[in-house]
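All I have is the shape, not the residue letters:
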């Protein structure tokens, strides 16, 4: 991105308070510590801090310009006055997005967004120069910053789009304006604020608001709610999954040591052999969805398949590692009942000479479904034949209760680490998973001998 400060002010409906309108801005930041030449600060008002208090330190650190929602007496450095800084960033990004006539794929869902985003980008890389969301920058701020990262050399983009409150998808869909979109599933993440899965689907499906009759919305046909969107959106809805009713189907699944082989059946009847270097049926769905999107955008199926075979899991998302004789499944990035179930199925499917152990920490933001969600996760681990369950955190007492006899519970990661080091043996497989706020990566690091 290379925009003059005057262009940014015009795009967001703001007013240049001070500074040179010809100043070139190359990116945005919400962290005042990221101040450097070319970067413009977006001071966000939060519950615990107001970014406006850090405008001065942003400039001192080398930043070039800043939004502000009120005049700053005595400040003569480049400032653009706006009503709301987050909204100003979104408006600027929406204007910038319109400068690109390229395929833009929007990705959302309750779980698996980041993995799906990575696989779709991987598949498209066989034909396009792809710009994609970095990490999980899928928020009301992260999405417009991602869009502003587009450059002239990019010929396609894949943008992860997350929501936690009603009304958010409509705003970021207006920024991204995807030309096609994919929804991985409808689970119970953020149900504390959305109240029901039906409300979650209604919110997430607004990703299709800008697709039009020529657009395509790809949805998991294995989800019980998503196929009901067919005929209810202005765009075409295409299902993918393992269910025989799906337009794109995965059949003949064969688990291997480092991934899964399967056959993809296209709506045309064409059969394509696929290897996805990631375990579990959920990753088969992700690879199938990526293939469907790629073919829709003109990538030859065999080229997309070769690209998918080179996929590497993002950090802390079901990464398989060998550590001290253990098979470690690092899925410590985040957790919900749906993603825990998938991770447990991966653990249960591992061929081991020892025992299978699941380390499950609290799942947050489940509201009234918290007790039920934790209990069912423990029960599912028991039903899958997991031999050891280590529950961590106050909410996970219910996980231990669901598992029953043999489960152990600890209040802290440190206590869990001490227990695991004493009771795990070479040949064991261990899954580590919990919500981001539980910092279960500490447990992973300890098992790898890094802490």
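Happy to help now that I have it. Predicted model only: the values in this text are computed from it and were never measured.

Helices of the stretch 251-400 of the chain, start to end?
Along the stretch 251-400 of the chain, the stretches classed as helices by DSSP state H, counting those that start in this stretch are 281-296, 301-308, 337-348, 370-383, 397-403.

what's the fourth one in contact with?
Outside helix 370-383, the residues within contact range by C-beta atoms under 8 Å, 6 or more residues apart in numbering are 188, 336-337, 340-341, 344, 358, 360, 362-363, 366, 389, 391, 395-404, 407. C-beta coordinates here come from the backbone N, C-alpha and C atoms, glycine included.

tell me the contacts of the residue lying closest to residue 323 once chain neighbours are set aside?
Nearest-residue entry for residue 323: residue 448, 4.5 Å, with adjacent residues in sequence omitted and distances by C-beta to C-beta, 6 or more residues apart in numbering. Counting by C-beta under 8 Å, 6+ apart, residue 448 touches 321, 323-324, 328.

Please apply the same query to residue 140.
86, 90, 168, 171-172.

Now, these that are in helices?
The helices, defined by DSSP state H, take in 86, 90, 168, 171-172 from these.

Who wins on neighbours among these?
Highest neighbour count within the ones in helices among the contacts of residue 140: residue 172, with 28 neighbours (other C-beta atoms under 10 Å).

circling back: any idea how far residue 332 is from the residue nearest to residue 323?
Going from residue 448 to residue 332 by C-beta to C-beta, to the nearest Å gives 11 Å.

related to what we said a few turns ago, can you tell me which of the helices of the stretch 251-400 of the chain is most buried?
For these, the largest average neighbour count (mean count of other C-beta atoms under 10 Å) is found in helix 281-296, namely a mean of 26.

for the record, mean pLDDT for that one?
Across helix 281-296, the average pLDDT comes to 96.

relative to helix 301-308, how tilted is it?
Interaxial angle of helix 281-296 relative to helix 301-308 (axes from the mean of the first three to the mean of the last three C-alpha atoms, to 10 degrees): 140 degrees.

and the angle from helix 281-296 to helix 337-348?
Helix 281-296 and helix 337-348 are oriented at 110 degrees to each other (the same axes, to 10 degrees).

on that earlier part again, okay, the residue nearest to residue 323: pLDDT?
pLDDT, residue 448: 91.

wait, residue 33 sits on residue 63?
No - Residue 33 lies out of contact with residue 63 (C-beta atoms under 8 Å); the separation is 9.8 Å.

between those two, who's got more neighbours?
Neighbours around residue 33 and residue 63, counted as other C-beta under 10 Å, are more numerous at residue 63. The numbers are 23 against 10.

Which residues are in contact with that one?
Counting by C-beta under 8 Å, 6+ apart, residue 63 touches 29, 32, 34-37, 39-41.

Low-confidence ranges, the stretch 301-450 of the chain, go.
Residues of the stretch 301-450 of the chain meeting the criterion pLDDT under 70: none.

What's the biggest strand in the protein, counting residues?
In the chain, with assignment by DSSP state E, the single longest strand is strand 248-256.

Show me which parts of that strand are buried, residue by residue.
Neighbour-count burial for strand 248-256, counted by 16 or more other C-beta atoms under 10 Å, picks out 248-250, 255.

what number of residues lie near residue 275?
18.

Can you give me the distance of the residue nearest to residue 214 when sequence neighbours are not counted to residue 160?
Nearest residue to residue 214, sequence neighbours excluded (C-beta to C-beta, 6+ apart): residue 235, at 7.6 Å. According to C-beta to C-beta, residue 235 and residue 160 sit 19 Å apart.

more neighbours, those two?
Neighbours of residue 235 and residue 160, each counted by other C-beta under 10 Å, are more numerous for residue 160; the result is 29 against 18.

Please name the bridge partners of that one.
For residue 160, the beta-bridge partners are residue 107 (DSSP bridges).

Residue 388 too?
Here residue 388 sits in beta bridges with residue 357, going by DSSP bridges.

And the residue nearest to the spatial centre of the chain, what's its pLDDT?
For the chain, the residue nearest the mean C-alpha position is residue 114 (3.2 Å; C-alpha atoms, centre = their mean). Residue 114 carries a pLDDT value of 91.

Would you mind listing the residues in contact with it?
Residue 114 neighbours (C-beta under 8 Å, 6+ apart): 133, 135-136, 138, 160, 314, 317, 333.

can you count the residues close to the residue lying closest to residue 396 once chain neighbours are set aside?
Closest residue in space to residue 396, ignoring its immediate chain neighbours: residue 362 at 5.3 Å, by C-beta to C-beta, 6+ apart. Using other C-beta under 10 Å, residue 362 has 22 neighbouring residues.

Residue 362 contacts residue 394, doesn't it?
Yes - using C-beta under 8 Å, residue 362 is in contact with residue 394, at 6.8 Å.
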